[in-house]
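Novice: I'll drop the sequence and a predicted model, then ask my questions.
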Amino acid sequence: MFSFARRCLALTCLAVPAFAATPPSADVARTQLVEAVTCQRHLTPEQFDAMAKVLMPGGAKARDEHDNGYTLAAPLTVLGLPVTHVNAYDGSSGEDGVDSYTAYFGSTEISKVAALAKMPPPVAGSYRREVGRHDLVVNRLDGQTILYCEYDLRGH
């Protein structure tokens with residue numbers, strides 16, 4: 001006969017899978033990705049990746065070998081515009097230690113995205129606005145308009 005301690009241990013082991021983290025719903029993933037790229041919610045790079053993977057079609061790959069981002073099965077709506085590609089940069093893997101999250105708007109005019117993001121006039125072709133301790137940036141990269149948030153640039 002099992003001792004009371006062994007029975008409790010056996011029951012605990014059987015119950016563990018019930019407490020395992022479940023993947024977020026598509027709605028939660030969409031909301032949190034939009035909030036991350038617009039400086040409204042700071043996800044860790046791992047959390048961002050998990051949210052993006054929920055929205056990817058099965059077996060999808062990043063755009064190319066230089067971009068570790070995610071091409072989404074259906075567009076996100078960021079600032080009222082469709083976005084089908086997002087990217088996370090893990091600051092701990094680089095020199096600056098700054099996490100950033102990017103939304104790609106394709107050929108949309110930079111001035112249109114900047115206006116929707118309520119940006120002040122550009123400096124050297126780049127729009128930047130402080131959002132608390134973070135910076136929201138609209139720029140052009142490889143012929144695409146991008147919006148990204150750089151997190152925790154300033155102290156509390």
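Specialist: Good, I have the coordinates.

Novice: from start to finish, how long is stretch 75-93 in a straight line?
Specialist: With C-alpha to C-alpha, to the nearest Å as the measure, the first residue of stretch 75-93 is 28 Å from its last.

Novice: residues of that stretch that come out buried?
Specialist: Buried positions in stretch 75-93, judged by neighbour count with 16 or more other C-beta atoms under 10 Å: 76, 78-79, 81, 83-91. Placement of C-beta: from N, CA and C, glycine included.

Novice: now, the residues you listed that are in strands?
Specialist: Counted as lying in strands by DSSP state E, out of these, are 76, 78, 81, 83-89.

Novice: between those, which is closest to S111?
Specialist: L81 (12.8 Å; C-beta to C-beta).

Novice: these two touch, right, the closest one and G106?
Specialist: No. Using C-beta atoms under 8 Å, L81 and G106 do not qualify as a contacting pair, with a distance of 9.2 Å.

Novice: can you list residues touching both of these two?
Specialist: Common contacts of L81 and G106 (C-beta atoms under 8 Å, 6 or more residues apart in numbering): none found.

Novice: mind checking what secondary structure R154 has?
Specialist: coil (DSSP: H, G, I helix; E, B strand; the rest coil).

Novice: who are the neighbours in contact with it?
Specialist: Contacts of R154 by C-beta under 8 Å, 6+ apart are 130, 133.

Novice: CSV for the buried residues of stretch 75-93, including distance to E130?
Specialist: What follows is the buried residues of stretch 75-93, written out as CSV (distance: C-beta to C-beta, whole Å):
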residue, distance to E130
L76, 24
V78, 19
L79, 17
L81, 22
V83, 23
T84, 28
H85, 26
V86, 22
N87, 22
A88, 21
Y89, 19
D90, 22
G91, 18
